[in-house]
Every structure is written in structure tokens, then in C-alpha cells.
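Trainee: Next comes the sequence, and after it the predicted model I'd like to discuss.
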Amino acid sequence: MLNARIPRKTHNSLNRCALFNLTVISACLYAGMEWLFFMIRPSSLSILALLDSIKILFVTAGTISIMSIALLVILLLPAVAVRNSSWRSQLLILGNIVPALLLSITALIMLDNFTYTEFKFGIISTEDPLRSMYALGFLIFFWLMFISSKRAIWARQKFAFYLALSLLVVSIAAILATRLASYPNIIILGSDGLSARYLTAYDSNQKSTPFLAMLAQTSLVAENAFPNAGSTTGSTTTVLTGKNTIGTNVYRYSDTLSGRDSLEHLPGILRQHGYETVEIGTPHYVDARKINLREGFDVVNNQSMIERSSDTFSAALGNSLSTPFIQTILERASERLLHIFFIKNLQLLPVMVETSADPQSDEQRVDQIIDLLNHADQPLFIFAHLMDTHGPNFSFEKQVFSSEASVGKEWDERRYQDALLGFDGHVKRIYEHLAETGQLDRTILVIYTDHGFRYAIHERIPLIIHFPENASSGTRKNNVQNIDIPTTLLDYLGIPAPGWMEGTSLLDSEAPANREIISTTTGSPKEIAPPFHQINIAQLIVCQKWYALNVRRNIFDSGDISGHTSKCDQNRLPSGEQVRQRILEYLEKGGYDISSLEERQ
């Protein structure tokens, strides 16, 4: 009797080993096919560095393998509980459900990917009768995989075990490595239309921003910073993408990102590294949805994009690039299964759920920032743009510089200073909250603006970056531009800046003294016409000089930048004609027909 029982035990042991091998290999196949699909189509995964993409593959494969093994263990518990070897052998068959389900889901997803890619047809577009056919096909395929897994002799071989074990070990090692990353919060806080000459930190005679002056003492301060666009939409887009307007063709409200530009941006990179990303602005001019900035923000102006990774994965994987990807592919599988089995209809577009009323004041926007800081369980990236300093009329709570006589007066500088004082108070409130809650030394606070007073692009604007523990504090005297912000932040985080970002890191060194800073204005929308469409003025700044080409009237002009603190020698400045040619080169590189500008008027 003893000899008769040994083969049965050996058989059961081989079955358990085969189930383990099949489960791990099937889970890795599912992860690999989804990874390949997202790699060959425009997505936030396809724009990552190859090494980062491969890390995502292994972390995803490991996570799904562990989840599948856990399900396998649950299904095998009855077999473990019984002592009779014959009954145990029968109960082990339940374990074949796991690899069969994984392979069936993989086949369903691959079929849907293929039909949509080639024929623009798939599960989402199916009506009730065809949904039934998908469900029937899935069940038939599942049964075939279930039978095949029972008969998979190869899965009992040593090579299958070594393959499964190797995949699992490498994947778990990748998962453990993701827990090593620890990133600070990032708050990019802007206010509309700030010119440096009105701020205490840039001109000691001004008293409108005393707290910013104090903050500047422990921060990186760009003495000569400039915007890359004269409109709020165009300028905030340059900050988010690290690209100039001529490259993205987003100059003003109603323009949108297209192609790879819609996926190449700072919030997308941070989101891939485990950040919760939130945009707080005004829906008309600062809104990622309106400019088609895809896969970047979890929440935009109090609208949830229903793309946030679950808290479970965030807690398990930490700041992993894989977290949103794993959530995405699991949602793709569950949504399709629920759809074909008539449990829940699959929707073509992501649902946007309103979480609360849109903030109507800067005070409410600051309240939202503080609330996010209080409830965050992962690193936060907040891109906030305040509007009290937006002209021609300004908003404020305390009247310090202006008088009642100025009420209703447009572009009144005294009222503007009152609005600046209000913004200064908002910055102070956020800073003090960070200090009181112990978050100051794990938060990067960036103070920026979209353009200068009266939409100026040839005036100095503020750029103040406060790093944890006052790191990298000091001044940068050479010219700086808004597209330097994302590159600098990535440099601090130790994340390589992608090649498509056009800015320079300000972290440890000065930018070249004679660097060229290109920017644009749009002018009246009534004058939009080919060949330059939205562009009214294309401007180039070199050292302390600005050079502007009005492309609609073919008029070239230049001048000195007021208050510039790092002037170049005159002999280092290019001639007006040289700069004009450089502007034309920028325009031509952007795809514009410059033939109308080749002769000066």
C-alpha cells in the first residue's frame, strides 16, 4: 500500500508545480502583450526611456503573477484540506481556472486591440446580439484553455519551472526596487501677469510682496526670467511641456496639443513616477482638457479624470512608474468582461466626475491646495494658477495701496499692487501650512507667472524655486525662461529630462549668458489669418536686449530690457539683422511659410 500511494503523491506534486508554472507564465504573457500594445501606439508608456519601460514590464508582470498566485492558492485550499490523495488530485483541477482565465483575457484583449487597430471595430462598439457572441466565444476559449492546461505535459518539466521561477524572481526584484524612490511634493504656484519690477524681491523700493522677498532669501531666484508666450494658455502650456509655442502650436485659448505633444509633458512623467497630479486654474484658460494634454492630470479644475491609480497599488508599489499602467490594463480587462457579459456598459471616453464646485476665488483655490496637502497619501504635483492679479481689473481683499477713487479704473497700478499683496499672502499661507505640518522639507515650491503686466513678454518676470532644506538657494543672473522649470524639477528629482524638453536645468549652474529666448504674442483674434495664423509678434531675447518681429505687418523692432541685472558687452550682442534671420529660422522650423517676411519694409 505504501508503494501504491507514492506515485499519487508524486503526481499531485507535479500538478501543483505545473499549475505554478502555468500561472506565472500566463500572467507574464498577459502583462507582456499589453505592454507591447502600449509601446507601439502613442501613449505615456511609449515616450518613456527604454529602460524605464522595461522596468514597467517586469513590475507589472510580477504584480499580476503575485495576484494570480494568491488566487491559485485560494483555489487549492480545498485540495490541501483533504487527506485522501484521490480526492486531492481531483480538487487540484480547480487550479487550472487561473491560467485558463489569464490566457482567455489575453486573447480577448489581443483580439480587441487588433480589430480596433485595423478595422476601428471592437467590443466597445458591439450591440447586444454581438456582445453575446463575444461572451460565448470567451467561454468556449476559456474551456479549451482549461482542458489544455490540464494536459500541458511541458508545464511539468524542469525548464518550465526554471522559466517561471526566473520571471518571478526578476519581477519581484523590480517591484522591490520601486520602493526605494521617495519624491517630494511639487507645487507650481502662479499668478497671472506678474512683472518683476513690482515685486519686493526684485526691487527693494516696492512693498507689495514682503513674504516673497523673505522666501527669496532661501530659494533659487532667477533675476532675469522671461515667459515664452504672451497669453495664459500658451504660457502655462510651455511650463507644463517644456516646449516653445512654435513647436506645440498652442498660442492661445482654443489651441490644442496634437500627436506626441499631447503625451509629452511634465505631469505625465511625474504621474508615471507615482505622483498624484492636480491642476487648479480657471477652466477657460488653464485647463489640461481644453488643450488636449492627455494622461497627465488625475484631477483638472475639480473634475476627476477617473485615471488615478488605486490606493492599493500605490501603497504596495510606492512611487512606481508601473502603478498607473497596472491599473490601466486591469481596468481594460475588467471593463471588457463586464461589457460582454451585460454587467456594465463600456464607455468610449473616460468619465469625468465633478467632485465639487469649481473654485471661484483665489482664496478657495488655496483652500483646495491645503486640503490636498492634508489628505495626500502619495507625492503631490499641484499646478495652480491664481487670477486676482489678472488685468485689466484686479481683485483683492485689503485695500493698502489704492484708493476709492481708483475703483473701476483699468490697469491701475495701485490696485495691481493690492492684488500682488493678496497673492503674497496666499504664498505665505501655503508656506506656513507646509512648515506647521512638517511638509516644508519635502516640498518644492515654485513661484512663477505666465507673462508680465499688460501681457508683456519683454519684461522680467519672477521665478522663485524653494527646494527642501533650502537646497540650491542663490541667484541665477543669466537669462532664464519658463520652459526651464520642468527640466530643473526633473534634475532635482534625479529623473533624466527627455530630449524633447527644450529648457535648461538651473539647479547647479548658470545658463549661457547669450542664450536665445524665443517667445510669441497673439494679438487680436480677429486678425488670425495665414500664413502665421495666431502669431502676431515673434520675439527673441539675447542678454539685455529684446528683438521683436511683427509677422503680420513685417515690422522689426528692438530695445533694452528694463532693470536687467546681467548685461553683456555690446560687442557680444548680435546685430538686428542677425536676430531677424534667427527669428525667421525659428518660424520656418515650426513649419511656417516665411516668404512674406524675406524683404523688410
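Mentor: Done, it's in. Numbers count the residues shown, from 1 in each chain.
Trainee: worst-scoring helix or strand of the chain, pLDDT-wise?
Mentor: Using mean pLDDT, DSSP states H and E, strand 353-354 stands out as the lowest-scoring helix or strand of the chain, at a mean of 40.
Trainee: Where does pLDDT dip in the stretch 351-500 of the chain?
Mentor: Across the stretch 351-500 of the chain, the ranges flagged by pLDDT under 70 are 351-360.
Trainee: now the strands for it?
Mentor: Applying DSSP state E, counting those that start in this stretch to the stretch 351-500 of the chain gives strands spanning 353-354, 380-386, 443-448, 464-466, 474-476, 480-481.
Trainee: Just give me how far the second one sits from the chain centre.
Mentor: What that stands for is strand 380-386. Distance of strand 380-386 from its chain centroid, counting by C-alpha atoms, centre = their mean, to the nearest Å, is 12 Å.
Trainee: neighbouring contacts of that strand?
Mentor: 185-192, 232, 236, 239-240, 266-267, 270-271, 275-282, 285-286, 297, 362, 365-366, 369, 372-373, 423, 426, 450 (C-beta atoms under 8 Å, 6 or more residues apart in numbering). (Glycine included, C-beta is placed from N, CA and C.)
Trainee: In PyMOL, select just the buried ones from the residues you listed.
Mentor: Selection of the buried residues among the contacts of strand 380-386 in PyMOL, burial being defined by 16 or more other C-beta atoms under 10 Å:
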select buried, resi 185+186+187+188+189+190+191+192+232+236+239+240+266+267+270+271+275+276+277+278+279+280+281+282+285+286+297+362+365+366+369+372+373+423+426+450
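Trainee: Show me the contacts of strand 380-386 that map onto helices.
Mentor: 232, 236, 239-240, 266-267, 270-271, 362, 365-366, 369, 372-373, 423, 426 (DSSP state H).
Trainee: Show the average pLDDT along stretch 251-258.
Mentor: Stretch 251-258 shows a mean pLDDT of 90.
Trainee: could I have it exported to CSV, CA atoms only?
Mentor: Taking C-alpha atoms only, stretch 251-258 is exported to CSV below (Å, rounded to 0.1, in the frame of the first residue of the first chain):
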residue,chain,number,x,y,z
TYR,A,251,-0.5,80.1,-28.6
ARG,A,252,-3.8,81.0,-27.0
TYR,A,253,-7.1,79.7,-25.7
SER,A,254,-8.8,77.2,-28.1
ASP,A,255,-5.4,75.9,-29.4
THR,A,256,-4.7,72.3,-28.6
LEU,A,257,-1.8,69.9,-28.4
SER,A,258,-1.7,67.1,-31.1
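Trainee: And the helices in the stretch 101-250 of the chain, which stretches?
Mentor: For the stretch 101-250 of the chain, the helices defined by DSSP state H, counting those that start in this stretch occupy 128-150, 158-178, 210-216, 232-241, 245-248.
Trainee: Low-confidence stretches in the protein?
Mentor: Those would be 1-12, 14, 178-181, 306-321, 346-360, 599-601, if you go by pLDDT under 70 across the chain.
Trainee: Walk me through the domains of it.
Mentor: If you go by automatic domain parsing, the domain ranges for the chain are 2-178, 185-196+224-410+431-513, 519-597.
Trainee: Just name the most buried of those domains.
Mentor: domain 185-196+224-410+431-513 (a mean of 20; mean count of other C-beta atoms under 10 Å).
Trainee: now the end-to-end length of that one.
Mentor: Terminal residues of domain 185-196+224-410+431-513 lie 31 Å apart, using C-alpha to C-alpha, to the nearest Å.
Trainee: what's the answer for stretch 468-484, then?
Mentor: Stretch 468-484 has an end-to-end distance of 19 Å (criterion: C-alpha to C-alpha).
Trainee: any idea how far that stretch is from the chain center?
Mentor: So, by C-alpha atoms, centre = their mean, the centroid of stretch 468-484 is 22 Å from its chain's centroid.
Trainee: if I look at Gln570, how far off is Ser558?
Mentor: 13 Å (C-beta to C-beta, to the nearest Å).
Trainee: Please report phi then psi for the nearest residue to Ser68 once chain neighbours are set aside.
Mentor: The shortest distance from Ser68 to any residue other than its chain neighbours is 4.6 Å, reached at Ala27 (C-beta to C-beta, 6 or more residues apart in numbering). Note on Ala27: backbone dihedrals following degrees, to the nearest 10 are phi -60, psi -40.
Trainee: any idea how far Ala27 lies from Ser171?
Mentor: Distance of Ala27 to Ser171, computed by C-beta to C-beta: 9 Å.
Trainee: list residues touching both of those two?
Mentor: Counting by C-beta under 8 Å, 6+ apart, the contacts common to Ala27 and Ser171 are Ala61, Ser65.
Trainee: circling back: identify whichever of the helices of the stretch 101-250 of the chain lies nearest to Ser406.
Mentor: Minimum separation from Ser406 across the helices of the stretch 101-250 of the chain (C-beta to C-beta) falls at helix 210-216, 21.8 Å.
Trainee: Check which helices and strands that closest one is in contact with.
Mentor: helix 413-436, strand 443-448, strand 464-466 (3 or more C-beta pairs under 8 Å, 6 or more residues apart in numbering; DSSP states H and E).
Trainee: Contact partners for Glu598?
Mentor: Leu584.
Trainee: tell me the contacts of the nearest residue to Ala31 once chain neighbours are set aside?
Mentor: Distances taken as C-beta to C-beta, 6+ apart put Ala61 closest to Ala31, at 4.0 Å, once the chain neighbours are dropped. Applying C-beta under 8 Å, 6+ apart to Ala61 gives the contacts Ala27, Cys28, Ala31, Gly32, Leu167, Ser171.
Trainee: how near is the first one to Ser166?
Mentor: Here the distance between Ala27 and Ser166 works out to 14 Å (C-beta to C-beta).
Trainee: ditto for the fourth one
Mentor: Distance from Gly32 to Ser166, counting by C-beta to C-beta: 14 Å.
Trainee: swap in the second one?
Mentor: Between Cys28 and Ser166 the distance is 10 Å, computed by C-beta to C-beta.
Trainee: sorry, back to before: tell me which of the ones in helices among the contacts of strand 380-386 is nearest to Thr522?
Mentor: Thr232 (10.9 Å).
Trainee: Verify the stated contact: that closest one with Asn482.
Mentor: No: Thr232 is beyond contact range of Asn482, at 12.0 Å (criterion: C-beta atoms under 8 Å).
Trainee: now could you export just the CA positions of stretch 330-344 as PDB?
Mentor: C-alpha atoms of stretch 330-344 as PDB (Å, rounded to 0.1, in the frame of the first residue of the first chain):
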ATOM      1  CA  LEU A 330      -6.600  45.700 -15.200                       C
ATOM      2  CA  GLU A 331      -9.400  48.200 -15.900                       C
ATOM      3  CA  ARG A 332      -9.200  47.400 -19.600                       C
ATOM      4  CA  ALA A 333      -9.700  43.700 -18.900                       C
ATOM      5  CA  SER A 334     -12.500  44.100 -16.300                       C
ATOM      6  CA  GLU A 335     -14.400  46.700 -18.400                       C
ATOM      7  CA  ARG A 336     -14.400  44.400 -21.400                       C
ATOM      8  CA  LEU A 337     -15.500  41.300 -19.400                       C
ATOM      9  CA  LEU A 338     -18.300  43.300 -17.700                       C
ATOM     10  CA  HIS A 339     -19.400  44.600 -21.000                       C
ATOM     11  CA  ILE A 340     -19.600  41.300 -22.900                       C
ATOM     12  CA  PHE A 341     -21.500  39.700 -20.000                       C
ATOM     13  CA  PHE A 342     -24.000  42.500 -19.800                       C
ATOM     14  CA  ILE A 343     -23.000  43.600 -16.300                       C
ATOM     15  CA  LYS A 344     -21.800  47.100 -17.100                       C
END
